[in-house]
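*Asks:* sequence? don't have it. structure:
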């Protein structure tokens with residue numbers, strides 16, 4: 001009997017524990033299902049919001065600016081001359097200035113050649129001239145004598161042959177005299193060219209002869225650059241020419257310092273002037289150039305040496321209704337992104353006028369102040385809401 005009671009009690013306790021576990025499990029499952037259902041209900045009723053993009057903007061107002069056009073070119077002398085000999089001969093002397101880097105004055109002696117054969121040629125030509133002069137005098141005397149004899153003969157009219165009055169002989173003597181004069185002039189010219197002079201104030205770039213060397217006719221003596229001015233040819237595109245005033249070469253000649261240009265190389269700068277504009281397009285680049293002149297380039301500080309590659313800043317026409325923007329404000333597609341009246345992104349194609357000093361000047365599309373996105377991204381989309389996080393005024 002006692003064993004049966006124990007077995008019955010154990011069975012009853014096990015049933016109670018099983019029912020308790022089942023009740024607890026059901027309660028936990030119910031709790032887990034309730035948050036999910038609640039969350040689904042919350043997601044269904046929560047309203048959707050458009051994405052907001054944070055941007056930095058620039059407050060831009062219309063300004064009045066003067067266009068500047070930037071170009072590049074090389075400073076070159078007005079004249080770059082390879083001096084050649086007009087006669088041949090041995091080099092007897094060299095001028096003290098005939099060394100590379102030296103400057104020479106117009107008319108300065110650069111070199112002299114042996115003059116012996118040219119002096120002899122002058123003497124021979126003078127002798128030939130004296131003989132031709134004498135021959136002409138004799139023919140003129142004989143012609144006068146022939147004319148008197150014809151008149152004394154009592155014959156009427158003109159002789160049958162001009163030889164009677166010696167006219168062809170006089171013409172021959174005159175031609176011989178003219179030729180003798182020209183031969184003498186040529187001999188004197190050759191003698192003069194044995195002394196080689198500097199044709200203008202210049203810089204000696206190279207010397208190509210040696211003392212005692214034999215110089216052939218046409219042989220190169222030296223290379224000389226003129227030093228009165230240097231010229232810089234600046235090729236410009238059609239778009240750049242639209243930002244420049246229309247000036248004729250006649251007007252520029254009358255007012256040679258009316259159109260200033262700044263030339264730069266590294267930390268150095270020079271002032272120059274547009275002296276002429278070219279009237280043709282380069283067949284390769286399809287560009288047209290203007291010519292900038294700097295006077296006395298080696299006498300200014302710092303000197304502007306021939307061969308210097310410079311940047312030219314050319315003053316252009318006044319611009320109205322323009323914006324000055326940093327170059328970063330123009331997207332890779334050439335667009336300006338701005339904030340419209342509803343606080344959303346909008347874009348428009350930029351009408352560039354010119355660029356200078358890290359800024360780009362564009363034509364304004366409105367008279368009102370505009371917030372321009374400082375650094376537009378390629379992922380921007382028109383109509384996106386924005387939040388301005390920084391603002392800069394220009």
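*Replies:* Perfect, I can see it now. Owing to the predicted nature of the structure, the values given are computational and were not obtained by experimental measurement.
*Asks:* helix/strand/coil for residue 120?
*Replies:* Secondary structure for residue 120, judged by DSSP: H, G, I helix; E, B strand; the rest coil, is helix.
*Asks:* who are the contact partners of it?
*Replies:* Residues near residue 120 by CB atoms under 8 Å, 6 or more residues apart in numbering: none. (Glycine included, C-beta is placed from N, CA and C.)
*Asks:* tell me the pLDDT of it.
*Replies:* pLDDT, residue 120: 97.
*Asks:* all strands of the stretch 201-350 of the chain, in order?
*Replies:* 202-207, 214-215, 220-226, 229-236, 260-265, 268-277, 288-295, 309-326, 335-339, 345-349 (DSSP state E, counting those that start in this stretch).
*Asks:* tell me which of those lies nearest to residue 140.
*Replies:* Checking those against residue 140 by CB to CB gives strand 214-215 as the closest, at 44.9 Å.
*Asks:* show me the contacts for the residue nearest to residue 351 when sequence neighbours are not counted.
*Replies:* Excluding its sequence neighbours, the residue lying closest to residue 351 (CB to CB, 6 or more residues apart in numbering) is residue 363, at 4.0 Å. With contact set as CB under 8 Å, 6+ apart, residue 363 has these partners: 321-323, 351, 353.
*Asks:* who does the helix or strand hosting residue 55 pair up with?
*Replies:* Using DSSP states H and E, residue 55 sits within strand 52-60. Here strand 52-60 is paired, per DSSP bridges, with strand 370-373 (antiparallel), strand 385-393 (parallel).
*Asks:* could those strands go into a markdown table alongside distance to residue 99, mean neighbour count and mean pLDDT?
*Replies:* Formatted as a markdown table, these follow (distance: least, CB to CB, whole Å; neighbours: other CB atoms under 10 Å; pLDDT from 0 to 100):
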| stretch | distance to residue 99 | mean neighbour count | mean pLDDT |
| --- | --- | --- | --- |
| strand 370-373 | 60 | 22 | 93 |
| strand 385-393 | 59 | 12 | 81 |
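*Asks:* to residue 358, which of those lies closest?
*Replies:* For residue 358, the closest of those is strand 385-393, at 14.2 Å, according to CB to CB.
*Asks:* angle of that closest one against strand 345-349?
*Replies:* For strand 385-393 against strand 345-349, the angle by axes from the mean of the first three to the mean of the last three CA atoms, to 10 degrees is 60 degrees.
*Asks:* from the chain's centroid, how far away is strand 385-393?
*Replies:* 41 Å (CA atoms, centre = their mean, to the nearest Å).
*Asks:* so that strand versus strand 309-326, what angle?
*Replies:* Using the same axes, to 10 degrees: strand 385-393 against strand 309-326 is 130 degrees.
*Asks:* quick check: domain ranges of this structure?
*Replies:* 54-67+319-389, 70-78+227-314, 81-114+194-226, 115-193 (the TED database).
*Asks:* ok, back up a step: measure the residue nearest to residue 351 to residue 302 for me?
*Replies:* Distance, residue 363 to residue 302, using CB to CB, to the nearest Å: 39 Å.
*Asks:* in terms of contact, does residue 136 touch residue 170 like I think?
*Replies:* Yes: taking CB atoms under 8 Å as the definition, residue 136 is a contact partner of residue 170 at 7.2 Å.
*Asks:* contacts only, for residue 75.
*Replies:* Counted by CB under 8 Å, 6+ apart, residue 75 has contacts 230-232, 263, 294, 297, 304-310.
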